[in-house]
Every structure is written in structure tokens, then in C-alpha cells.
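**Q** The amino acid sequence is not available; the structure is as follows:
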């Protein structure tokens, strides 16, 4: 004799609808989280007065960046997009440094300093690479939710562009060219 107190499973179609609805809500939640993470924080409108500790022990401060076009790039050694864009950033640095361009790559606080140092040395990164173990640079730039995150700063200290992810290099080169003095 069947146990009348045992719950009766819902019909198969009802179970499928419940599973699909649950999966849809999970996907919407994930998309909402990704949208929040991917939405770049606006960050500062001007170059922060922060000082940065470079991997070679030097400090890079506001006076070192004043009057230059500066690209600040937050990155991590475990970020595939960051690793892929490094050769392009090295080319930008090589192409524009003599005209007043500075590139500052700031490793995220969670990135181990030994990993950052090894990465920079093995790839012979030609630009300034800073460590941010306490998150001071991240805070100065208004919070960085994901990498890579970059800001382009004009010689007068105004932030003129901000983006999350790999840049459109053609557009970035155009913005840099427009900010740099002619010639060279």
C-alpha cells in the first residue's frame, strides 16, 4: 500500500519550468554582477597626487608626471587580457616616450610582488611598473573593480579617457598624438 503522506512529485513539465526559471534567475544575477564589475568606476577627474613605489625601488610622484601625457594602467599577472596587451603598451611607450609620454603600469594589490617582478623582468617591460600592496593607488584612482583598467591623462593633469579592458589601439594612439606636442 502506498504511503499517502509522501510528497507527490510535480509533473515533469512543471519541474522543467522550475529548473529553467531557476537557471534564468541565476543567469540574470550573474549578468547583473558582471555589469557592476565591468562598469568602470569614474575615478578621478585629475591625476591624483599619489606617489608610486616602482619595482626597482624608486618612487614616482606627481612632479615626475607633471607636464607629460600619462597612461596609467592597472593590471595583474593573472589577467590574460593584461598579459596580452603588454607588448602593445611597450610599443606605445617606445613610440611616444621621447615626445613626453609616460606609461605607469600599477600591479593590483592582490598580485604577489615576486610575480610582478618576475613578469616585468622576463618580458623586459620598458616602462614604470609599480606595486600597490596596500591598495593606496587603487584608492587614489577611485577604486579598480577589474583589470585591465586604464586612464589617459593630459599634460595639464586632466583625465581625458578611462576604459576597462584592452584599448582600441588605433583610437588610443590618436588620443595620445592629439595630446603630445607636434614633431619627433
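**A** Now that the structure is in, tell me what you want to look at. Quantities reported herein were computed from a predicted structural model and do not represent experimental measurements.
**Q** what pLDDT does residue 10 get?
**A** pLDDT recorded at residue 10 is 63.
**Q** mind starting the numbering at 51 from now?
**A** Yep, numbering from 51; the last one is residue 60 now.
**Q** Now residue 131. Nearest residue, chain neighbours left out?
**A** residue 216 (5.3 Å; C-beta to C-beta, 6 or more residues apart in numbering). Every C-beta, even on glycine, is put in place using the N, C-alpha and C of the backbone.
**Q** List the buried residues of stretch 97-112.
**A** 97, 98, 100, 102, 103, 104, 105, 110 (16 or more other C-beta atoms under 10 Å).
**Q** farthest pair in those?
**A** 97 and 105 (20.9 Å; C-beta to C-beta).
**Q** What is the neighbour count of residue 230?
**A** Residue 230 is flanked by 18 other residues according to other C-beta atoms under 10 Å.
**Q** Tell me who's in contact with it.
**A** Going by C-beta atoms under 8 Å, 6 or more residues apart in numbering, residue 230 touches 119, 146, 149, 150, 151.
**Q** What's the separation between the first one and residue 158?
**A** Distance from residue 119 to residue 158, counting by C-beta to C-beta, to the nearest Å: 24 Å.
**Q** now swap in the second one and tell me
**A** Separation of residue 146 from residue 158 (C-beta to C-beta): 25 Å.
**Q** With residue 185 instead?
**A** As for residue 185, its distance to residue 158 is 8 Å (criterion: C-beta to C-beta).
**Q** higher neighbour count, those two?
**A** Legend: neighbour count by other C-beta under 10 Å for residue 185 and residue 158, higher for residue 158 (24 against 13).
**Q** show me where pLDDT drops low in the chain?
**A** For the chain, the stretches flagged by pLDDT under 70 are 51-60, 62-92, 233-234.
**Q** so residue 171, which of the three states?
**A** helix (DSSP: H, G, I helix; E, B strand; the rest coil).
**Q** So which residues of the protein form strands?
**A** In the chain, strands defined by DSSP state E lie at 102-104, 109-110, 119-125, 151-157, 178-181, 199-203, 209-214, listed in chain order.
**Q** Tell me which other helices or strands the second one touches.
**A** If you count contacts as 3 or more C-beta pairs under 8 Å, 6 or more residues apart in numbering; DSSP states H and E, strand 109-110 packs onto strand 102-104.
**Q** which residues make contact with the strand it packs on from outside it?
**A** 109, 110, 111, 154, 156, 178, 179, 180, 181, 182, 187.
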